[in-house]
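K.L.:
Here is my input; please provide its structure:
(chains A, B, C and D)
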Number of protein chains: 2
Amino acid sequence: MTEFVTYQGDALARLAELPSEHYDAVITDPPYSSGGTFRSDRQQATGQKYTQTGEKKNPFSDFPGDNRDGRSFLYWMTLVLSETYRVTKNGGTIALFTDWRQLPTVSDALQAAGFVWRGVYVWDKTLAARPRKGYFRQQAEFVVWGSKGPLPAKPELPALPGLTTCSVNKGGRFHQTGKPVELMKAIVQVCPEGGTVLDPFMGSGSTGVACGELGRKFHGIEYTDHYHEVARERLAQAFQ
Amino acid sequence: MTEFVTYQGDALARLAELPSEHYDAVITDPPYSSGGTFRSDRQQATGQKYTQTGEKKNPFSDFPGDNRDGRSFLYWMTLVLSETYRVTKNGGTIALFTDWRQLPTVSDALQAAGFVWRGVYVWDKTLAARPRKGYFRQQAEFVVWGSKGPLPAKPELPALPGLTTCSVNKGGRFHQTGKPVELMKAIVQVCPEGGTVLDPFMGSGSTGVACGELGRKFHGIEYTDHYHEVARERLAQAFQ
DNA sequence: CCCTTCTATGAATCGTGCT
DNA sequence: CAGCACGATTCATAGAAGG
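P.N.:
Predicted structure coming up:
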């Protein structure tokens, strides 16, 4: 039996084909549709939007689905999370990355889809974040997490911290918004050992790499051919 | 001229008596009306609610205004923040403490009152929070911050970090939900030196103590006689 | 030509991690 | 070991496109 499976295609379409009540945990980093006060800012290609002017050419391939406005982001997230709810085991955990701007919307979508909202996990990106004189840095990203129904006791697992301090790892990134594997290993531990984690927005597959290193099975979905291929290579290595 | 002023009474009533466009920053920690998934949980006295069963007798006096449900909390916060908006200078900053559960509601109220939402500051309470096997701790509290209109440049101020790590008990507490002065000193720096900070829910006055230590003027409002008196004593010391 | 909408460009901030 | 590039940015402005 293979320890990881990947699907290439639209998250909503592929989710619909997955079996009900199968996954112990869903851990994912959807497109934020954030970045900028104005609609025109949000509609830029991701390579422009998340890159400082005057920077050297952005080495990452663009990714789609990052330009919805507030209402349609909520609508679409609710659709995706409703399918996600179906495929999650009772008592299973869901964890969704988001930035400060979309945090309220993500918590709404999570609850609209039927999950119980349980908390907010914090990723402290350290002082590498952009500074501004007289104002606070945007130094953290957030993980909105919850459960399908009541929380089962998990006496075999350790108590998990609610915050990770971890700088954005520039060297080891394969995607513009890629997360450090160290961070993902902290989060993947909500899944019991030997259980299966699903990531419907796999990107370059850091969630899966963390699963491989910690003895969890992994299923992932990715839309772009490019990142799907990158992820398969990294997963093959992590699960060998 | 006195460097600090306190008012005893209801926040909404006292705010209505303050002059328009007077304050450089509003920094406050309103009653969260959180604490519990169920209505019956929220209706307990604060001394019970925020104390673990079996703990020694809670030494803090109860405080009111902590038992609103979701809709009325939003309505009431919007009323308070609308008055707050009036008394804030153009380009002034607002910073509101909240827990994860009320963060979306607080950001709604802040925007409904007319402020521009600018970000989320994180207070890492460290591992003092209660652990749970297999789940994340609630390790952080949050500060939703924003501005009245566009952000003026503040070249005279340093760039501020977006996160403070600071244990709850550091430096002694005078109120059940009292904040460490060290934390408040990090936040008070959004106000230019010599400027004036308002705290409509002063509690035991930690915001004001931080202002005293960092050369900002301070005005505070507190409902209960007991905490108003505690705050006055601490302020007299900090501003001498 | 007026008005709205979209696109492109440029400046600024500082600790960290890579070269 | 000393520099240097960089950040899921923010804000302002100028010009092009379209009706």
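
K.L.:
now the residue positioned nearest the centre of chain A, nearest residue through space, not along the chain?
P.N.:
When C-alpha atoms, centre = their mean is applied to chain A, the residue found nearest the centroid is residue A:29 (1.7 Å). Using C-beta to C-beta, 6 or more residues apart in numbering or on different chains and skipping the chain neighbours, the partner closest in space to residue A:29 is residue A:97 (4.0 Å). (Each C-beta comes from the backbone N, C-alpha and C, glycine too.)

K.L.:
Does the one you found lie in a helix or a strand, and which?
P.N.:
strand A:88-98 (DSSP states H and E).

K.L.:
still on that earlier bit, contacts only, for the residue nearest to the centre of chain A.
P.N.:
Contacts for residue A:29 (C-beta atoms under 8 Å, 6 or more residues apart in numbering or on different chains) come out as A:96, A:97, A:177, A:179, A:199, A:201, A:203, A:207.

K.L.:
Spit out the contact partners of the nearest residue to residue A:137 once chain neighbours are set aside.
P.N.:
What sits nearest to residue A:137 in space, not counting adjacent residues and going by C-beta to C-beta, 6+ apart, is residue B:162, at 3.8 Å. By C-beta under 8 Å, 6+ apart, residue B:162 lies in contact with A:129, A:136, A:137, A:138, A:139, A:140, B:119, B:121, B:122.

K.L.:
Now render those residues as JSON lines, adding secondary structure, distance to DNA strand D and neighbour count.
P.N.:
Below are those laid out as JSON lines (DSSP: H, G, I helix; E, B strand; the rest coil; distance: C-beta to the nearest atom of the strand, whole Å; neighbours: other C-beta atoms under 10 Å in any protein chain shown):
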{"residue": "A:129", "secondary structure": "coil", "distance to DNA strand D": "6", "neighbour count": "19"}
{"residue": "A:136", "secondary structure": "strand", "distance to DNA strand D": "10", "neighbour count": "26"}
{"residue": "A:137", "secondary structure": "coil", "distance to DNA strand D": "9", "neighbour count": "20"}
{"residue": "A:138", "secondary structure": "coil", "distance to DNA strand D": "5", "neighbour count": "18"}
{"residue": "A:139", "secondary structure": "coil", "distance to DNA strand D": "9", "neighbour count": "24"}
{"residue": "A:140", "secondary structure": "strand", "distance to DNA strand D": "10", "neighbour count": "25"}
{"residue": "B:119", "secondary structure": "strand", "distance to DNA strand D": "6", "neighbour count": "19"}
{"residue": "B:121", "secondary structure": "strand", "distance to DNA strand D": "13", "neighbour count": "28"}
{"residue": "B:122", "secondary structure": "strand", "distance to DNA strand D": "14", "neighbour count": "25"}
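
K.L.:
Excluding covalently adjacent residues, which one is nearest to residue A:141?
P.N.:
residue A:123 (4.7 Å).

K.L.:
Give me the three-state assignment for that neighbour.
P.N.:
Here residue A:123 is recorded as strand under DSSP: H, G, I helix; E, B strand; the rest coil.

K.L.:
Looking at it now. What's its pLDDT?
P.N.:
Residue A:123 is assigned 96 on the pLDDT scale.

K.L.:
I figured residue A:107 hits residue B:102, correct?
P.N.:
No. Using C-beta atoms under 8 Å, residue A:107 is not in contact with residue B:102, being 10.9 Å away.

K.L.:
Leaving out chain neighbours, which residue sits closest to the residue of chain A most remote from its centre?
P.N.:
No residue in chain A sits farther from the centre than residue A:134, which is 31.5 Å out by C-alpha atoms, centre = their mean. The shortest distance from residue A:134 to any non-neighbouring residue, by C-beta to C-beta, 6+ apart, is to residue B:154 (2.8 Å).

K.L.:
Distance of the one you found relative to DNA strand D?
P.N.:
According to C-beta to the nearest atom of the strand, to the nearest Å, residue B:154 and DNA strand D sit 12 Å apart.

K.L.:
Provide the secondary structure category for that residue.
P.N.:
Three-state assignment for residue B:154 (three-state DSSP): coil.

K.L.:
which residues touch it?
P.N.:
A:133, A:134, A:135, B:192.

K.L.:
now the strands: where do they sit in chain A?
P.N.:
A:4-8, A:23-28, A:88-98, A:116-124, A:140-147, A:163-165, A:196-199, A:217-222 (DSSP state E).

K.L.:
Quick one: these as TSV, columns for distance to residue A:65 too.
P.N.:
Below are the strands of chain A laid out as TSV (distance: least, C-beta to C-beta, whole Å):
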stretch	distance to residue A:65
strand A:4-8	15
strand A:23-28	13
strand A:88-98	14
strand A:116-124	21
strand A:140-147	18
strand A:163-165	26
strand A:196-199	15
strand A:217-222	11
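
K.L.:
right, and residue A:12 touches residue A:83 too?
P.N.:
Yes. With contact defined as C-beta under 8 Å, residue A:12 reaches residue A:83; the gap is 6.6 Å.

K.L.:
Against residue B:23, how distant is the residue nearest to residue A:134?
P.N.:
Here residue B:154 is placed at a distance of 16 Å from residue B:23 (C-beta to C-beta, to the nearest Å).

K.L.:
go on, residue A:59?
P.N.:
In terms of C-beta to C-beta, residue A:59 sits 46 Å off from residue B:23.

K.L.:
Look at these two and report which has more neighbours.
P.N.:
Legend: neighbour count by other C-beta atoms under 10 Å in any protein chain shown for residue A:59 and residue B:23, higher for residue B:23 (25 against 9).

K.L.:
How about that one, nearest residue that isn't a chain neighbour?
P.N.:
Nearest one to residue B:23, counting by C-beta to C-beta, 6+ apart, is residue B:198 at 4.4 Å.

K.L.:
Pairing partners for that neighbour in the sheet, please.
P.N.:
residue B:26, residue B:219 (DSSP bridges).

K.L.:
out of the contacts of residue B:154, which are buried?
P.N.:
For the contacts of residue B:154, a burial check counting by 16 or more other C-beta atoms under 10 Å in any protein chain shown picks out A:134, A:135, B:192.
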